[in-house]
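Visitor: Sharing a model prediction with you, sequence too.
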Amino acid sequence: MSDNVIIFDTTLRDGEQSPGCSMTTPEKLKIAEALVELGVDVIEAGFPIASPGDFEAVRAVAQRFGDRARICGLARCRREDIERAGEALRGVAKSRIHVFLATSPIHRQFKLKMAEQEIVKAAVEHVKLARSLCEDVEFSPEDAARTELDFLVEVVEKAIEAGATTVNIPDTVGYATPTHYFKVISHLKQHVSNINRAIISTHCHNDLGLAVANSLAAVEAGARQIECTINGLGERAGNAALEEIVMALKTRHDYYGVETNIHTPKLCGLSRLVSSTTGMLVQRNKAIVGQNAFAHEAGIHQDGVLKERTTYEIMRAEDVGFVGANLVLGKHSGRHAIRSRVIELGYQLPDAQLQQVYDDFIALADKKKNVYDADIVALIDNRMNVTVDRWKLIRFHIAAGTGTIPTATVELRDESAAATSAGSTTGDVSVATYRDAAIGDGPVDAVCKAMERIVGISAELKDYQVRAVSGGEDAQGEASVEIVYQGRRYHGKAVSTDVIEASALAYLKALNKAISEQPTSTPAHGV
Ligand code: KIV
Ligand code: ZN
């Protein structure tokens with residue numbers, strides 16, 4: 001049996017199915033690029049039949065990266081799904097069509113209303129169709145962990161016979177436990193006569209918090225592909241977290257004896273990229289990539305680590321690209337020092353972006369005595385944003401305090417109108433500047449309402465969080481908001497030494513995303 005475990009990342013497909021985590025094509029391309037650099041073997045880029053946007057994203061990712069990683073498109077057992085996936089992947093050097101059909105009794109009876117033999121027939125027919133379009137075909141009996149073992153053996157065997165090169169055994173609802181899942185995989189290895197002609201894959205959801213443990217148990221039983229997502233993003237409680245699986249296999253190589261192609265120092269950077277793109281914050285004590293993952297509070301631990309690191313640390317922070325709270329640079333640090341630090345932190349920025357980060361750094365160092373690694377990372381994340389925002393915050397003023405009515409005045413610029421005006425003969429950008437005022441429950445609420453009056457939409461705030469990026473009294477605040485507009489969720493994130501400004505910028509970012517999906521309209525109010 002091979003000692004290499006294939007890492008199949010589904011952040012862009014199953015991860016994106018997480019509420020509020022939908023991503024634009026440029027955002028998906030940015031994450032796909034980082035996944036390629038991380039060394040993942042397969043990237044599931046989307047579900048091409050789901051929407052024209054999904055189709056475009058799979059096509060764009062496949063065209064750009066299909067020579068460096070295998071790009072996969074998902075399809076139900078339906079002709080039109082499979083043909084659409086084939087179209088999205090056409091001409092790509094390394095591609096895969098992933099066909100799925102539920103097999104558990106609950107799904108057969110209530111969802112599909114199909115008998116066992118109808119399921120087998122449909123699976124065989126559609127795997128064959130997929131194979132006629134693509135050399136590499138994965139088949140998933142959805143809800144496999146709740147499927148009768150005998151029937152699972154039959155479906156898997158027939159799917160391999162029909163041409164499936166990978167058979168994935170999904171625990172769709174996160175029902176399995178490690179020994180149970182180990183037994184399912186072992187049973188398939190023993191009873192599927194042609195199992196050696198396919199790779200066994202795992203796909204575990206985290207409803208009982210066991211997705212990583214189940215995936216590792218499957219590797220012990222002989223699975224050689226693991227499906228996972230960055231930060232464990234995914235439906236409901238999420239999927240198995242890629243960073244946890246990879247570091248478990250690496251740290252316990254003595255036990256598992258298998259390798260992956262993952263370049264682990266890139267893990268934390270990618271975790272931050274996915275978090276800032278989706279707005280899904282990473283909990284502080286999250287294994288591997290959380291802020292506290294390498295922090296020792298207890299004196300006895302600190303003492304032990306100082307004497308010998310391995311007394312209380314099983315992994316080295318640098319092996320996962322962890323960024324601590326080191327004091328790095330000050331106001332007088334030059335461009336060269338910033339460039340070196342950015343590279344040490346694991347980023348490669350084009351010159352223009354590096355210049356922007358440097359300018360932001362100088363502005364920050366003017367307001368803040370100590371600039372930490374985490375501050376630099378926040379500035380980079382801010383500049384790595386790949387969407388173009390229509391509305392820009394120029395200035396705001398608030399009046400708030402005990403016994404006063406919180407009031408805000410705001411000035412925004414409509415960048416699209418400014419661009420048109422700049423191209424006109426008058427070139428007067430002030431025509432694109434709008435001001436308005438509002439009162440609110442507090443200063444943040446007042447600023448948000450004033451901005452909504454200008455841009456002409458009113459959204460519902462679903463989530464709002466502020467956290468300090470680094471330590472110290474002058475720490476930057478990172479605001480993260482989630483809004484709902486016309487039934488869709490949008491998030492925004494921003495940093496500033498002023499938390500009201502960070503909140504306003506984050507809210508405006510979310511409004512910009514909502515507006516970008518609307519037909520062009522003129523602002524409701526403005527002077
Ligand atoms: O959870 C699941 O069963 C899936 C399949 C499409 C593999 O995501
Ligand atoms: Zn899934």
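Guide: Cool, the structure landed. Ligands and ions are numbered 1, 2, ... in the order given.
Visitor: Enumerate the residues of the protein near ligand 1.
Guide: 14, 100, 140, 142, 168, 170, 172, 203, 205 (Cβ under 6 Å from any ligand atom). For every residue, glycine as well, the C-beta is placed using N, CA and C.
Visitor: With secondary structure, pLDDT and neighbour count added, can I get these in JSON lines?
Guide: Output for those, formatted as JSON lines (DSSP: H, G, I helix; E, B strand; the rest coil; pLDDT from 0 to 100; neighbours: other Cβ atoms under 10 Å):
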{"residue": "14", "secondary structure": "coil", "pLDDT": "97", "neighbour count": "23"}
{"residue": "100", "secondary structure": "strand", "pLDDT": "98", "neighbour count": "23"}
{"residue": "140", "secondary structure": "strand", "pLDDT": "98", "neighbour count": "25"}
{"residue": "142", "secondary structure": "strand", "pLDDT": "98", "neighbour count": "21"}
{"residue": "168", "secondary structure": "strand", "pLDDT": "98", "neighbour count": "26"}
{"residue": "170", "secondary structure": "strand", "pLDDT": "98", "neighbour count": "23"}
{"residue": "172", "secondary structure": "coil", "pLDDT": "98", "neighbour count": "22"}
{"residue": "203", "secondary structure": "strand", "pLDDT": "98", "neighbour count": "31"}
{"residue": "205", "secondary structure": "strand", "pLDDT": "98", "neighbour count": "25"}
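Visitor: Could you list the residues in contact with stretch 20-35?
Guide: Applying Cβ atoms under 8 Å, 6 or more residues apart in numbering, the set of residues contacting stretch 20-35 from outside is 9, 11-12, 15-16, 43, 45-46, 53, 56-57, 60-61, 64-65, 69, 230, 233, 266, 269-270, 273-274, 277-280, 384, 386-387, 462, 482, 488-491.
Visitor: Name the residues of that stretch that are buried.
Guide: For stretch 20-35, a neighbour-count test (16 or more other Cβ atoms under 10 Å) marks 20-25, 27-32, 34-35 as buried.
Visitor: will you turn the residues you listed into TSV that also has distance to residue 514, pLDDT and secondary structure?
Guide: Below are the buried residues of stretch 20-35 laid out as TSV (distance: Cβ to Cβ, whole Å; pLDDT from 0 to 100; DSSP: H, G, I helix; E, B strand; the rest coil):
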residue	distance to residue 514	pLDDT	secondary structure
20	12	77	coil
21	15	84	coil
22	12	82	coil
23	15	88	coil
24	13	88	coil
25	17	92	helix
27	15	90	helix
28	19	95	helix
29	22	95	helix
30	20	93	helix
31	21	96	helix
32	24	97	helix
34	26	95	helix
35	27	98	helix
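Visitor: and of those residues, the nearest to residue 304?
Guide: Distance ranking of those against residue 304, using Cβ to Cβ, places residue 34 first at 34.9 Å.
Visitor: what's the spacing between the closest one and residue 270?
Guide: Residue 34 sits 5 Å away from residue 270, taking Cβ to Cβ, to the nearest Å as the criterion.
Visitor: go on, residue 211?
Guide: Using Cβ to Cβ, one obtains 18 Å as the distance from residue 211 to residue 270.
Visitor: more neighbours, those two?
Guide: Relative neighbour count places residue 211 above the other of residue 211 and residue 270, with 29 against 24, counting by other Cβ atoms under 10 Å.
Visitor: mind checking pLDDT for residue 36?
Guide: What the model reports for residue 36 is a pLDDT of 98.
Visitor: residue contacts, it?
Guide: For residue 36, the contacting residues are 43, 65, 68, 69, taking Cβ under 8 Å, 6+ apart as the criterion.
Visitor: Just the buried residues of those.
Guide: When neighbours are counted using 16+ other Cβ under 10 Å, the contacts of residue 36 contain these buried positions: 43, 65, 68, 69.
Visitor: now those in a markdown table, with secondary structure, distance to residue 118 and pLDDT?
Guide: Compiled in a markdown table, the buried ones among the contacts of residue 36 are given as follows (DSSP: H, G, I helix; E, B strand; the rest coil; distance: Cβ to Cβ, whole Å; pLDDT from 0 to 100):
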| residue | secondary structure | distance to residue 118 | pLDDT |
| --- | --- | --- | --- |
| 43 | strand | 32 | 98 |
| 65 | helix | 37 | 98 |
| 68 | coil | 40 | 98 |
| 69 | coil | 35 | 98 |
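Visitor: Make CSV out of those and add distance to residue 441.
Guide: Putting the buried ones among the contacts of residue 36 into CSV (distance: Cβ to Cβ, whole Å) gives the following:
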residue, distance to residue 441
43, 44
65, 46
68, 50
69, 48
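Visitor: what's the farthest-apart pair in these?
Guide: With distances taken as Cβ to Cβ, the most widely separated pair in these is 43 and 68, at 9.6 Å.
Visitor: of all the buried ones among the contacts of residue 36, which comes closest to ligand 1?
Guide: Checking these against ligand 1 by Cβ to the nearest ligand atom gives residue 43 as the nearest, at 14.8 Å.
Visitor: that older thread, just flag the most distant two among the residues of the chain next to ligand 1.
Guide: Taking Cβ to Cβ as the measure, these reach their widest spread between 100 and 205, a distance of 13.9 Å.
Visitor: Overlap in contacts, these two.
Guide: Taking Cβ under 8 Å, 6+ apart as the contact criterion, the residues that touch both residue 100 and residue 205 are residue 170.
Visitor: And residue 466, which helix or strand is it part of?
Guide: strand 460-468 (DSSP states H and E).
Visitor: before we move on, which element is the closest residue to residue 279 other than its chain neighbours in?
Guide: Residue nearest to residue 279 in three dimensions, not counting chain neighbours: residue 491, with 2.7 Å by Cβ to Cβ, 6 or more residues apart in numbering. Element membership for residue 491, per DSSP H and E: strand 488-496.
Visitor: and that strand, what other elements does it pack with?
Guide: Packing contacts for strand 488-496, counted by 3 or more Cβ pairs under 8 Å, 6 or more residues apart in numbering; DSSP states H and E, involve helix 373-383, strand 477-485, helix 499-516.
Visitor: Residues touching it, excluding its own?
Guide: Under the contact criterion Cβ under 8 Å, 6+ apart, strand 488-496 has outside partners 19-20, 22, 276, 278-279, 378-379, 381-382, 459, 462, 469, 476-484, 501-503, 505-514, 517.
Visitor: quick one: it to strand 460-468, angle?
Guide: With axes from the mean of the first three to the mean of the last three Cα atoms, to 10 degrees as the criterion, the two stretches strand 488-496 and strand 460-468 enclose an angle of 30 degrees.
Visitor: Just the C-alphas of strand 488-496, formatted as CSV.
Guide: Extracted as CSV, the C-alpha positions of strand 488-496 are listed here (Å, rounded to 0.1, in the frame of the first residue of the first chain):
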residue,chain,number,x,y,z
ARG,A,488,-28.2,36.8,1.0
ARG,A,489,-25.4,37.0,3.6
TYR,A,490,-22.4,39.2,3.1
HIS,A,491,-19.5,39.8,5.4
GLY,A,492,-16.9,42.5,5.8
LYS,A,493,-13.7,42.8,7.8
ALA,A,494,-11.4,45.7,8.5
VAL,A,495,-8.7,46.9,10.9
SER,A,496,-7.9,50.3,12.3
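Visitor: Would you mark the buried spots in that strand?
Guide: For strand 488-496, the buried set under the neighbour-count rule, 16+ other Cβ under 10 Å, comprises 489, 490, 491, 492, 493, 494, 495, 496.
Visitor: out of the residues you listed, who's nearest ligand 1?
Guide: Checking the buried residues of strand 488-496 one by one against ligand 1 (Cβ to the nearest ligand atom), the nearest turns out to be residue 489, at 20.3 Å.
Visitor: so what's that closest one bridging to?
Guide: Judged by DSSP bridges, the bridge partners of residue 489 are residue 484.
Visitor: If I look at it, what pLDDT would I see?
Guide: Confidence per residue is given as pLDDT, and for residue 489 that number is 82.
Visitor: same question, the one 5 residues further on
Guide: Reported pLDDT at residue 494 in the predicted model: 89.
Visitor: What of the one 3 residues further on?
Guide: What the model reports for residue 497 is a pLDDT of 89.
Visitor: Determine which of the helices and strands packed on strand 488-496 approaches residue 104 most closely.
Guide: Using Cβ to Cβ and comparing those, the one that lies nearest residue 104 is strand 477-485, at 33.0 Å.
Visitor: Thanks a lot, catch you later.
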